[in-house]
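Novice: fold the following for me, if possible:
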Amino acid sequence: MAKTKTTYTEKDVMDFVNSYVDNEQKKADSFRLIELIQEWSGAEPKMWGPTIIGFGNYHYKYASGHEGDAPILGFSPRKAAFSLYVYSPTERSKELLSELGKFKMSKACIYIKKLSDINISTLHELCIESIKYINEHYECACRIK
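Specialist: Below you'll find the predicted structure:
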């Protein structure tokens with residue numbers, strides 16, 4: 001079975017942002033996202049893998065037998081766009097997407113160019129919905145309310 005690449009690391013989050021993000025707007029947006037998600041989750045930012053800033057953690061196990069740990073909420077300030085890991089497959093989350101603003105989406109990842117492209121209060125609601133979903137469906141190492 002393949003080893004999970006996205007695991008908790010001891011890297012410093014602020015050092016990562018300052019060294020990895022070379023665009024000043026993206027750097028400012030990264031620090032703002034850290035503040036917001038930390039406030040909403042009550043969890044400290046931690047590095048997961050080489051480029052994901054995660055908040056809280058939970059344990060997942062798929063029907064295939066693959067299992068591991070992942071952040072409850074997270075994001076990565078990638079070159080092309082921010083990857084936001086804040087979405088859960090609920091009806092409320094689907095409704096909220098129509099109010100989010102300018103973004104693209106894959107199965108469970110939301111991509112934005114900059115924070116000013118989206119509605120921050122809608123992002124907040126998506127994060128809270130995701131926290132509730134994970135708390136109800138997974139074994140959490142730390143419960144976020």
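
Novice: CA only for contacts and neighbour counts going forward, please
Specialist: OK.

Novice: gap between whatever helix or strand Q25 lives in and the chain center?
Specialist: Element membership for Q25 (DSSP states H and E) is helix 24-41. Offset of helix 24-41 from its chain centre (C-alpha atoms, centre = their mean, to the nearest Å): 11 Å.

Novice: buried residues in that helix?
Specialist: Along helix 24-41, these residues count as buried under the neighbour rule (16 or more other C-alpha atoms under 10 Å): 26-30, 33-34, 37-38, 40-41.

Novice: contacts for it next, please.
Specialist: 17-18, 21, 44-45, 55-56, 73-74, 77, 114-115, 124, 127-128, 131, 144-145 (C-alpha atoms under 8 Å, 6 or more residues apart in numbering).

Novice: packing partners for whichever helix or strand comes after it?
Specialist: With elements assigned by DSSP H and E, the helix or strand that comes after helix 24-41 is strand 45-48. For strand 45-48, the elements it packs on are helix 13-20, strand 52-55, judged by 3 or more C-alpha pairs under 8 Å, 6 or more residues apart in numbering; DSSP states H and E.

Novice: ok, 6 Å please
Specialist: For strand 45-48, the elements it packs on are strand 52-55, judged by 3 or more C-alpha pairs under 6 Å, 6 or more residues apart in numbering; DSSP states H and E.
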